[in-house]
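Enquirer: Predicted structure and sequence below. I'll ask about it afterward.
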Amino acid sequence: MNTAFQCSIKRIRFDENYEPGNSTRLTTNFANLARGEYRQENLRKTLAMINNRFNSLAHVDNPKGDRYSLEIDIISAEIDIEGNGQAFPFIEMLKSTITDHKTNERIDGMIGNSFSSYVRDYDFSVLLTEKSFKTGEKPENFGDLHGKLYQHLVYSDVFKTEFKKQPVICLSVSTTKTYYRTANIHPILGVEYKNNEYSRTDEYFKKMGLSVRYFKPENGNAPLAFYCAGDLLRDYTDFELISAISTMESFQKIYRPEIYNTNSPAGVVYQPSLDYQDFSLTQIVYDRIERSQLAVKQGKWTEENFIKPYQDILEQWAKNFTEMHSVHSEHAA
């Protein structure tokens, strides 16, 4: 049996007792919050923010705003390139499960949400900077390998056995682009925004087979970018969409308050900026400088432990990557 490029999945509960594992990318928002003397308080407050936001959006038959709560698991995917048991941790996402305290039901929330990737750290924090690419510029074939590795994971039997649907990744909008409010309003996702051109991140995610739409949920301050392989509005339940919004908007309020925790919401024409001054800080301690430094450090670690040792194997594998997945990619684009 050929076990080369075999994927495996681990789950870790994200709760007030969470401590980052040795293989966890330390730049992830959840790992950053779980260090230092305020770690438990940070985690408790973050989970309370997520639950409160969920209940505010799932307000039907929920008069006290306390009917639902979320359990969140960190999904860590590893890949064994040579089939020799040496697994490399390459992607992390979140999976939520909703508890309905009125009926005691457990309901599936979204798979995806946050997206962390060592290879993405290498691409953005090592490859782009070392070759001095300016904002918006990128090398030829930028993101090709990463996109194929991602699709290899999410279309694998291992992933499909664990999760019924494809991930939806929810990120901050780009500070280099302008967004325009449309007349399209979704009952859960809110007001749709569009921009005139893809950002470098949008292009990168397109190579993963994901297309993007931007929505500003009710009582939200700025649009969120939703990356999805299928039809965001048809393929997911209201609760799955609400779980993604409540989880990721809460994280964004913590580490991009200039965009997501402002004192006035985005207007008809919106240009996100980290220089915006009229915002409120959450009571959660977050080290944004450390996060950017770690991205470079972990990108270099990826280069030394993954890109360089397996370069020839990875190039050959990417060249022969089955075209089965590209059909999904073309559909998404």
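Expert: Arrived safely, thanks for sending.

Enquirer: buried sites along stretch 222-240?
Expert: Residues 222-230, 232-233, 236, 239-240 are the ones in stretch 222-240 that count as buried (16 or more other C-beta atoms under 10 Å). Using the backbone N, CA and C atoms, a C-beta is placed for each residue, glycine as well.

Enquirer: Find the residue at the geometric middle of this protein.
Expert: When C-alpha atoms, centre = their mean is applied to the chain, the residue found nearest the centroid is Ser114 (2.4 Å).

Enquirer: Could you check how far that residue is from Ser56?
Expert: 21 Å (C-beta to C-beta, to the nearest Å).

Enquirer: ok, so of the buried residues of stretch 222-240, who is nearest Thr178?
Expert: Pro223 (11.4 Å; C-beta to C-beta).

Enquirer: ok, now which ones touch that closest one?
Expert: Residues in contact with Pro223 (C-beta atoms under 8 Å, 6 or more residues apart in numbering) are 173, 179, 191, 193, 214-216, 266, 270.

Enquirer: at 10 Å instead, please
Expert: When contacts are counted by C-beta atoms under 10 Å, 6 or more residues apart in numbering, Pro223 touches 172-173, 179, 181, 189-195, 213-217, 259-260, 266, 270, 272.

Enquirer: repeat for Arg67
Expert: 54-55, 58-61, 98-103.

Enquirer: Kindly recompute the last result at 6 Å.
Expert: 101-102 (C-beta atoms under 6 Å, 6 or more residues apart in numbering).

Enquirer: the helices in this protein, which residues?
Expert: 29-33, 39-57, 118-122, 128-130, 144-154, 157-162, 200-206, 238-255, 257-260, 288-302, 311-319, 324-332 (DSSP state H).

Enquirer: among those helices, which is nearest Asp278?
Expert: Among those, the nearest to Asp278 by C-beta to C-beta is helix 257-260 (8.8 Å).

Enquirer: now the closest one: how far from the chain's centre is it?
Expert: Relative to the centre of its chain, helix 257-260 is centred 17 Å away, using C-alpha atoms, centre = their mean, to the nearest Å.

Enquirer: Next one, pLDDT for Arg291 please.
Expert: Arg291 is assigned 59 on the pLDDT scale.

Enquirer: Then the one 5 residues further on?
Expert: At Val296, the pLDDT value in this model is 83.

Enquirer: list the contacts for it?
Expert: Val296 touches Ser125, counting by C-beta under 6 Å, 6+ apart.

Enquirer: could you measure it against Phe159, distance?
Expert: The spacing between Val296 and Phe159, counted by C-beta to C-beta, is 29 Å.

Enquirer: Report whether the expected contact of Pro217 with Val191 is present.
Expert: No. Between Pro217 and Val191 no contact is recorded; they are 8.4 Å apart, counting by C-beta atoms under 6 Å.

Enquirer: of the two, who's got more company?
Expert: Shown here are Pro217 and Val191; by other C-beta atoms under 10 Å, Pro217 has more neighbours (23 against 20).

Enquirer: Show me the buried residues of stretch 222-240 that map onto strands.
Expert: Those of the buried residues of stretch 222-240 mapping onto strands are 224-228, per DSSP state E.

Enquirer: Closest one to Lys10 out of these, please.
Expert: Tyr227 (22.9 Å).

Enquirer: Tell me the confidence at that closest one?
Expert: pLDDT, Tyr227: 97.

Enquirer: One more: Leu153?
Expert: Per-residue confidence (pLDDT) for Leu153: 95.

Enquirer: That one touches Ala77, doesn't it?
Expert: Yes. Using C-beta under 6 Å, Leu153 makes contact with Ala77 at a distance of 5.3 Å.

Enquirer: neighbour-wise, which of these two wins?
Expert: Between Leu153 and Ala77, counted using other C-beta under 10 Å, the more crowded position is Ala77 (24 against 21).

Enquirer: Roughly how far does the nearest residue to that one once chain neighbours are set aside sit from Ala48?
Expert: Spatial nearest neighbour of Ala77, chain neighbours left out: Ile91 (4.5 Å); criterion: C-beta to C-beta, 6 or more residues apart in numbering. Distance from Ile91 to Ala48, counting by C-beta to C-beta: 28 Å.

Enquirer: And these two? Which one has more around it.
Expert: Neighbours per residue (other C-beta under 10 Å) separate Ile91 from Ala48, with Ile91 holding more: 24 against 13.

Enquirer: and the more buried one, how far is that from Glu78?
Expert: From Ile91 across to Glu78, the span is 9 Å (C-beta to C-beta).

Enquirer: Could you do Leu94 as well?
Expert: 17 Å.

Enquirer: who has more neighbours, the two?
Expert: More crowded of Leu94 and Glu78, by other C-beta under 10 Å: Leu94, with 29 against 17.
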